[in-house]
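> here's my sequence, what's the structure:
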Amino acid sequence: MNLRGEVIPIVDFKKRFGMGSTVAKDTTRVIVVKIQEQKCGVIVDDVLEIIPVPAENLEAAPTVAGGSSFIIGIGKMDARLIIAIDVIKVLTENERAEMLAVGA
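Below is the predicted model of the structure:
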């Protein structure tokens with residue numbers, strides 16, 4: 001994707017989690033994150049709101065047999081649970097290397 005003249009790689013999380021591919025629609029968004037000084041876009045179906053979760057509201061993720069090593073914590077806000085993920089762990093080693101090569 002070209003973001004203000006800067007080329008950044010895009011990752012489709014739906015595809016990554018084996019849920020097919022994201023089909024672009026009016027609510028589809030690209031969230032830009034920074035990984036080791038390199039920007040990366042993440043395609044999502046929708047963004048309902050952006051909620052800052054204070055560190056004191058973030059608890060360690062429960063250990064689950066079979067994976068979910070990318071979940072770094074569970075945030076509690078009012079009556080809702082918010083899952084915090086580590087974007088780096090969602091990417092494969094090859095994707096991380098390719099992403100960092102784009103920024104080089």
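
> centre-most residue in this protein?
Nearest residue to the geometric centre of the chain (CA atoms, centre = their mean): residue 87, 4.6 Å.

> can you show me the strands along this structure?
Secondary structure of the chain (DSSP state E): strands at 2-3, 6-7, 10-12, 29-35, 38-44, 58-59, 71-77, 80-85.

> so which of those strands comes closest to residue 50?
The closest of the strands of the chain to residue 50 is strand 29-35. By CB to CB, the value is 9.3 Å. (Each C-beta comes from the backbone N, C-alpha and C, glycine too.)

> please pull out the lowest mean pLDDT helix or strand from this structure.
helix 93-103 (a mean of 71; mean pLDDT, DSSP states H and E).

> before we move on, the earlier item: if I look at the residue nearest to the residue nearest to the centre of the chain when sequence neighbours are not counted, how far off is residue 10?
Of all residues not flanking residue 87 in the chain, residue 33 sits nearest, at 5.3 Å (CB to CB, 6 or more residues apart in numbering). Going from residue 33 to residue 10 by CB to CB, to the nearest Å gives 11 Å.

> what is in contact with the two at once?
With contacts taken as CB atoms under 8 Å, 6 or more residues apart in numbering, residue 33 and residue 10 have 40, 41, 42 as neighbours in common.

> which among those end up buried?
Neighbour-count burial (16 or more other CB atoms under 10 Å) applied to the shared contacts of residue 33 and residue 10 gives 40, 41, 42.

> distance of the first one from residue 81?
Pointing back at residue 40 there. Relative to residue 81, residue 40 is positioned 25 Å away (CB to CB).

> burial check on residue 17, number of neighbours?
By other CB atoms under 10 Å, the residues close to residue 17 number 10.
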